[in-house]
Every structure is written in structure tokens, then in C-alpha cells.
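> just the structure for this:
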Amino acid sequence: MILMGIIGHKNAGKTTLTAALVTELAQRGLTVSTLKHTHHAVDLEQPGSDTHRHRMAGARQVVLATDQRLTLMEEVSEPTIDHLLSRLAPCDIVLAEGWKHGTHPRLEAWRPETGKPPLAAADTSILAIACTGTCDLPQPRLDLNDIPAIADFICST
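Next up is the predicted model:
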């Protein structure tokens, strides 16, 4: 399994890149899973719903299943990527959006329009930078709009 982080500043195009990579890699016949990190509070349940009541009553984990999908809710404090990977079914590639300061392999999405310098300028452990403009960094530069080339890079790691 290949793990690749997709990192960058807010509005750099991380989610757009991640979604495009999922499409590209799946079209190549690869199974792809994604992880998403956010610092925002997220609650997928409506207060008073059955699963919300289960969780509020003290259930450690709550699984909601339909005929098409399931969701697992678990109270954890800052889960690590390794913890999350242990929850995933086997797959070929995992794209992890966020965790910009992680130790896993990471690719930065960067657009000069954000007005912020690339994270890769201060963190040489970032494997490559996918950007819309030019950037003078030691890491390989990929065209942010060339999804097949970025997918090739990920598959080669």
C-alpha cells in the first residue's frame, strides 16, 4: 500500500487535487482510500437521532449502516495516521489530506495566489510540490493541473 499525504495552505487546492487523484488512480484500476484531517469540530449526527443517543449513552463506537455504506463514529483524542490506517480495508493507495507536519510521505499543493510561501521551503522532508507557478525549491516540481503526472509520481514512491 502506498500512503501519500496531500498538504498545503488553506485554499491551495488540496481537496480539488485529492478528488482528481482519486478519479485518476481509480481509472487506472487501483483501489484508493482517503483520510481527511480537520481542526474544525465535526458532528455527523443530528442531536436526538438513534446513533447520537447511543454515543451520548456511552457507546465507545457507533456504526451506522445502510444498504449502500456505513459510517463509524468513535471518540478518540487526535488519532494518528497509523490508527486510522488500521481501520481501513486493504487498498492500493491511501491519500491523506491534511497532517501537514506528519512524518509520512507528503506532496504539497501550492498556488502563489494564496500569498503564503510553500511549506516545502521550510520542510525539506516534503517529497514534491505541485504548483501552478514557478518555485525555486530543491524538491521536484509538478504541474498542479497535470493530474496524470502527479498520479505517476505517487505510484512511483
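> roughly how far apart are the residue sitting furthest away from the middle of the chain and residue 114?
In the chain, the residue that sits farthest from the middle, by C-alpha atoms, centre = their mean, is residue 57; the gap is 31.2 Å. Using C-beta to C-beta, to the nearest Å, residue 57 is found at 44 Å from residue 114. Heads up, the C-betas are built off the backbone N, CA and C, glycines and all.
> OK, contacts around residue 110?
If you count contacts by C-beta atoms under 8 Å, 6 or more residues apart in numbering, residue 110 has them with 8-9, 12, 118-120, 129-132, 135, 144.
> of those - the most surrounded one?
residue 8 (29 neighbours; other C-beta atoms under 10 Å).
> so it touches residue 97, yeah?
No: look at residue 8 against residue 97 with C-beta atoms under 8 Å: they stay out of range, at 9.2 Å.
> where does the prediction get shaky in this structure?
40-43 (pLDDT under 70).
> tell me the centre residue of it?
With distances taken as C-alpha atoms, centre = their mean, residue 97 lies nearest the centre of the chain, 2.0 Å away.
> okay, and the beta partners of that one?
Beta bridges link residue 97 to residue 6, residue 36, judged by DSSP bridges.
> I'd like to know how far it sits from residue 138.
On the measure of C-beta to C-beta, residue 97 and residue 138 end up 24 Å apart.
> what count of nearby residues applies to the closest residue to residue 91 other than its chain neighbours?
Excluding its sequence neighbours, the residue lying closest to residue 91 (C-beta to C-beta, 6 or more residues apart in numbering) is residue 31, at 4.2 Å. The number of residues packed near residue 31 is 13, by other C-beta under 10 Å.
> how close does residue 31 get to residue 90?
8 Å.
> which residues are in contact with each of residue 8 and residue 97?
Common neighbours of residue 8 and residue 97 (C-beta under 8 Å, 6+ apart) are residue 14.
> gap between residue 117 and residue 154?
Distance from residue 117 to residue 154, by C-beta to C-beta: 24 Å.
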